[in-house]
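# sharing a model prediction with you, sequence too.
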Amino acid sequence: MRDIDPNQAIDYIIKHAEMFAKAKAERIYLEEFRKSKKAILMKESFEETVGAQEREAYAHPDYRELLKGLREAIEIEEKLRWDLVAAQARVDVWRSIEASNRREARALG
């Protein structure tokens, strides 16, 4: 545990923060676009009832493809998020170790 380098963890956070932000933005965009896509597909439907239009929209290949994209966006975002959480945890562990080292030094000193 003593070989934890907080600078590496902090550098990782800085380096990947923009990637995380873009991944989250993509996920949110796809979640919102999903509503628009459903409305577009319902409008294009030849069905007369809203329920039938909705069923057709949900079954449409374009809608299912959008859901696959959303799944991938969520996977990317979550991976980055947990990597960033882990990097922050490394900094926290290092901080705790350093505090323990200071207490030990004072007790011995």
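Thanks, I have it.

# center of the protein, which residue is that?
Closest residue to the average C-alpha location of the chain: residue 77 at 2.3 Å, with CA atoms, centre = their mean.

# so who does that residue touch?
20, 23-24, 26-27 (CB atoms under 8 Å, 6 or more residues apart in numbering). Every residue, glycine included, has its C-beta placed from N, CA and C.

# rerun at 10 Å
Taking CB atoms under 10 Å, 6 or more residues apart in numbering, we find residue 77 in contact with 19-28.

# now list the buried members of those residues.
With neighbours counted by 16 or more other CB atoms under 10 Å, the contacts of residue 77 contain buried members at 20, 23-24, 26-27.

# and those residues, which is closest to residue 89?
Taking CB to CB as the measure, residue 89 sits nearest to residue 20 out of those, at 15.7 Å.

# how many neighbours does the nearest residue to the closest one once chain neighbours are set aside have?
Nearest non-adjacent residue to residue 20, counting by CB to CB, 6 or more residues apart in numbering: residue 80, 4.2 Å away. Using other CB atoms under 10 Å, residue 80 has 18 neighbouring residues.

# tell me the mean pLDDT for the host helix or strand of residue 80?
Per DSSP states H and E, residue 80 falls inside helix 61-108. For helix 61-108, the mean pLDDT works out to 94.

# which residue comes closest to residue 19 once chain neighbours are left out?
Per CB to CB, 6+ apart, closest to residue 19 is residue 80, 5.8 Å.

# circling back to that earlier point, list the ones among the contacts of residue 77 that fall in helices.
Members of those lying in helices (criterion: DSSP state H): 19-28.

# dump stretch 16-34 to PDB, keeping only the CA atoms.
Extracted C-alpha coordinates of stretch 16-34, given in PDB (Å, rounded to 0.1, in the frame of the first residue of the first chain):
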ATOM      1  CA  HIS A  16     -10.300  11.300 -17.900                       C
ATOM      2  CA  ALA A  17     -12.700  13.900 -16.600                       C
ATOM      3  CA  GLU A  18     -13.400  15.300 -20.100                       C
ATOM      4  CA  MET A  19     -14.000  11.800 -21.400                       C
ATOM      5  CA  PHE A  20     -16.400  11.100 -18.600                       C
ATOM      6  CA  ALA A  21     -18.200  14.400 -19.300                       C
ATOM      7  CA  LYS A  22     -18.500  13.500 -23.000                       C
ATOM      8  CA  ALA A  23     -19.800  10.000 -22.200                       C
ATOM      9  CA  LYS A  24     -22.400  11.400 -19.800                       C
ATOM     10  CA  ALA A  25     -23.500  14.000 -22.300                       C
ATOM     11  CA  GLU A  26     -23.900  11.300 -25.000                       C
ATOM     12  CA  ARG A  27     -25.900   9.100 -22.700                       C
ATOM     13  CA  ILE A  28     -28.200  12.000 -21.700                       C
ATOM     14  CA  TYR A  29     -28.600  13.000 -25.400                       C
ATOM     15  CA  LEU A  30     -29.600   9.500 -26.400                       C
ATOM     16  CA  GLU A  31     -32.100   9.300 -23.500                       C
ATOM     17  CA  GLU A  32     -33.700  12.500 -24.700                       C
ATOM     18  CA  PHE A  33     -33.500  11.700 -28.400                       C
ATOM     19  CA  ARG A  34     -35.200   8.400 -27.600                       C
END
